[in-house]
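[1] here is the input, now give the coordinates:
(4 chains)
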Protein chains: 4
Amino acid sequence: MLDGKQMAAPKLTRKELVDLLKAEFPEASHAMGDYEIEDVWHGGCRLRHRYDDRSLRPGGTLSGATMMSLGDFAMYVAVLSAIGWVPLAVTTNLNINFLKKPAARDLLAEARLIKLGKRLAVGEIGIRSEGEDELVAHVTSTYSIPA
Amino acid sequence: MLDGKQMAAPKLTRKELVDLLKAEFPEASHAMGDYEIEDVWHGGCRLRHRYDDRSLRPGGTLSGATMMSLGDFAMYVAVLSAIGWVPLAVTTNLNINFLKKPAARDLLAEARLIKLGKRLAVGEIGIRSEGEDELVAHVTSTYSIPA
Amino acid sequence: MLDGKQMAAPKLTRKELVDLLKAEFPEASHAMGDYEIEDVWHGGCRLRHRYDDRSLRPGGTLSGATMMSLGDFAMYVAVLSAIGWVPLAVTTNLNINFLKKPAARDLLAEARLIKLGKRLAVGEIGIRSEGEDELVAHVTSTYSIPA
Amino acid sequence: MLDGKQMAAPKLTRKELVDLLKAEFPEASHAMGDYEIEDVWHGGCRLRHRYDDRSLRPGGTLSGATMMSLGDFAMYVAVLSAIGWVPLAVTTNLNINFLKKPAARDLLAEARLIKLGKRLAVGEIGIRSEGEDELVAHVTSTYSIPA
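    Got it, this is the predicted structure:
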């Protein structure tokens, strides 16, 4: 298992990543506006999804789509932290278990790679509501790394 | 396997579903605006996601989040078509395989239930770009049905 | 979607596959003894798992392991039917939904590829009890194809 | 997240579990013979799969079926550790990522619940080869708990 916090520095710092994402993905920047990359280490990262009432669903909870997008983006950042700027890395599989209805609050996602191969990277992402310990969702995801 | 087209009528018609979703989920209506429920039968449905350049990603493709949200919503409609208006049915698991980069076009999702139990419903959803035969993504999903 | 029955012949016939598996995997032949490859076409196959009371579980049902192994092996045969004898193709992901307790009877699995790329193949497998229409389990699986 | 080691004692001790499994599942005891339940705590456990050359595959690795069965059984033990003897709890979903070919050695699985609800329990299981740190497989699984 990669435990990035005890490993080498990330291939891209938090600032480098944020700048590259903004420069290269201007068309996605409105979506990126909902996210904050809080920390990046080799093989992992922590992201925040800022609460926005467009994500609200009946019962005062957040949409599943919000959690899936957050998990997918956290995995993307974790992959880039480990291999550097390879923006065309693509998700091939994502599995999410929804564990608990999240409150109408910020979400925090922590991603870590559990495999980093030449062609495939696999990671897991835990998603929590700010201020809570229990997971609201758990994601595993595979990215394909172009040659 | 449920093959809805040869089974009973859906518990809710397409029109009833659209009206209920609009009335009950006003906060989600801006998101719903991207979707069209094209057909509903018992245990299945076909949905269209209208192309919107907010979903565009580098290389002229659509975001994974767009496909995940479409798959999840198609499954929700398929569940309601089979059990009636139980809006608090919630996704417990979603697994998606991304098969091909979708073009910058409308997406079509066809969902069908493969299990309809008292507590759990399981379905699969194939997602295609309009005008193409090959799947761009394949989803399986489980919903929990409240007692 | 690959609909093998209307496509080219398989790269390996049923007989070629059976002979190769027996010759190359003698150490697995006792396990293979439980399976029969009933039909093979380009991108798909139908396998039978012969009932054996070692697979029995409390309540007269079959173990989950029996269904997972059958699904995985059916996917392997489907991949080889489409790419020829590449025995070191390996599963990278398998997702199974258990839908219904299978009776103490033979199981039939039908696999079909939904993507066949240069590096990855993705398929789905439906598993039924002999003589029944409803699925007892549904599998999606990804294989990595060596260069 | 349940971190069982800091929580209450398991509902069943290791010895109680082993005795109940042997008494109630005599038909599965030959399979159980390959496993050793090494430790059990509330919401988690550690299991060993003893190497057996029936699990060997070409290239000196272990079959995927071996890892899937081990992951499923570890989740079963983790569920029973948290809810007590409810033998008819059944797997509804299992997702496995195969990360690395395991050597021809014992496998160790560590399972922990990430959700324990009234109707559903969700857990993750990491599988390693004895003496190695890296995971060879990672499993997430859902069990349905009968009323």
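[2] show me which residues of chain A are close to chain B?
    Neighbours of chain B within chain A, by C-beta under 8 Å from any C-beta of the partner chain: A:24-25, A:27-28, A:30-31, A:53-54, A:56-59, A:63-65, A:68-69, A:72, A:87-88, A:90-98, A:101. From N, CA and C alone the C-beta is placed, and that goes for glycine too.
[3] now list the buried members of these.
    A:28, A:31, A:56-57, A:63-65, A:68-69, A:72, A:90-98 (16 or more other C-beta atoms under 10 Å in any protein chain shown).
[4] distance check, A:D34 against chain D.
    25 Å (C-beta to the nearest C-beta, to the nearest Å).
[5] next one: A:N93
    A:N93 is 8 Å from chain D, by C-beta to the nearest C-beta.
[6] so that residue sits right up against B:I96, yeah?
    Yes. The pair formed by A:N93 and B:I96 meets the contact definition of C-beta atoms under 8 Å, at 7.0 Å.
[7] just confirm A:M67 is within a helix.
    Yes. Assignment of A:M67 by DSSP: H, G, I helix; E, B strand; the rest coil places it within a helix.
[8] the one helix or strand A:T140 maps to and chain C in contact?
    Here A:T140 sits within strand A:135-144, counting by DSSP states H and E. Yes. Residues of strand A:135-144 are located near chain C by C-beta under 8 Å from any C-beta, namely A:T142, A:S144.
[9] avg pLDDT for that strand?
    Predicted confidence along strand A:135-144 averages 98 (mean pLDDT).
[10] again, but for stretch A:55-70
    For stretch A:55-70, the mean pLDDT works out to 88.
[11] any part of that stretch near chain D?
    No. Using C-beta under 8 Å from any C-beta, no contact is recorded between stretch A:55-70 and chain D, whose separation bottoms out at 14.0 Å.
[12] so what's the residue count around A:K118?
    By other C-beta atoms under 10 Å in any protein chain shown, 8 other residues sit near A:K118.
[13] that's a helix at it, yeah?
    No. Counting by three-state DSSP, A:K118 falls outside a helix, being coil.
[14] hmm, it is touching A:I145, no?
    Yes. A:K118 is in contact with A:I145 according to C-beta under 8 Å; the separation is 7.0 Å.
[15] just the buried ones among the residues of chain A next to chain B: which are in strands?
    Of the positions in those, A:L56, A:R57, A:V90, A:T91, A:T92, A:N93, A:L94, A:N95, A:I96, A:N97, A:F98 sit in strands, assigned by DSSP state E.
[16] ok, of those, which one's closest to chain C?
    Closest approach between those and chain C, by C-beta to the nearest C-beta: A:N93, at 5.2 Å.
[17] ok, the closest one - contacts?
    A:S141, A:T142, B:N95, B:I96, B:N97, B:F98, C:N93, C:T142 (C-beta atoms under 8 Å, 6 or more residues apart in numbering or on different chains).
[18] and which of those is nearest chain D?
    C:N93 (5.4 Å).
[19] pairing partners for that closest one in the sheet, please.
    Beta-bridge pairing for C:N93 (DSSP bridges): C:T142, D:N97.
[20] the strand holding A:T140 - contacts with which helices or strands?
    When contacts are defined as 3 or more C-beta pairs under 8 Å, 6 or more residues apart in numbering or on different chains; DSSP states H and E, strand A:135-144 packs onto helix A:64-83, strand A:90-98, strand A:120-129, strand D:90-98, strand D:107-116, strand D:135-144.
[21] turn these into CSV, columns for distance to A:L17.
    Shown next, in CSV, are the helices and strands packed on strand A:135-144 (distance: least, C-beta to C-beta, whole Å):
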stretch, distance to A:L17
helix A:64-83, 6
strand A:90-98, 17
strand A:120-129, 16
strand D:90-98, 25
strand D:107-116, 28
strand D:135-144, 25
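[22] C:V122 is nearest to which of the ones you listed?
    Minimum separation from C:V122 across the helices and strands packed on strand A:135-144 (C-beta to C-beta) falls at strand A:90-98, 8.1 Å.
[23] how far out from the middle of the chain is that closest one?
    11 Å (C-alpha atoms, centre = their mean, to the nearest Å).
[24] between strand D:107-116 and that strand, find me the angle.
    Interaxial angle of strand A:90-98 relative to strand D:107-116 (axes from the mean of the first three to the mean of the last three C-alpha atoms, to 10 degrees): 60 degrees.
[25] any idea of the angle strand A:90-98 forms with strand A:135-144?
    160 degrees.
[26] if we can go back for a sec, greatest separation within the ones in strands among the buried ones among the residues of chain A next to chain B: which pair is it?
    Among those, the pair separated by the greatest distance (C-beta to C-beta) is A:L56 and A:T92, at 30.9 Å.
[27] spit out the contact partners of the residue nearest the centre of chain A.
    Nearest residue to the geometric centre of chain A (C-alpha atoms, centre = their mean): A:A74, 0.8 Å. Residues in contact with A:A74 (C-beta under 8 Å, 6+ apart) are A:C45, A:R46, A:L47, A:A109, A:E110, A:A111, A:I125, A:V139.
[28] separation between the first one and A:D39?
    Spatial separation of A:C45 from A:D39 under the definition C-beta to C-beta, to the nearest Å is 6 Å.
[29] more neighbours, the two?
    Higher neighbour count among A:C45 and A:D39: A:C45, with 30 against 14, using other C-beta under 10 Å.
[30] kindly state the beta-bridge partners for the more buried one.
    Beta bridges link A:C45 to A:V40, A:A111 when assigned by DSSP bridges.
[31] for chain A, what lies in contact range of chain C?
    A:T92, A:N93, A:N95, A:R119, A:L120, A:T142, A:S144.
[32] list the residues that contact the third one.
    When you say that, I think you mean A:N95. Contacts of A:N95 by C-beta under 8 Å, 6+ apart are A:V139, A:T140, A:S141, B:N93, B:L94, B:N95, B:I96, C:N95, D:N95, D:T140.
[33] can you add distance to C:D19 and give those residues back as TSV?
    Formatted as TSV, the contacts of A:N95 follow (distance: C-beta to C-beta, whole Å):
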residue	distance to C:D19
A:V139	43
A:T140	38
A:S141	39
B:N93	40
B:L94	41
B:N95	35
B:I96	37
C:N95	31
D:N95	34
D:T140	38
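[34] excluding chain neighbours, give the residue nearest to A:H138 in space.
    Nearest non-adjacent residue to A:H138, counting by C-beta to C-beta, 6 or more residues apart in numbering or on different chains: A:N97, 5.0 Å away.
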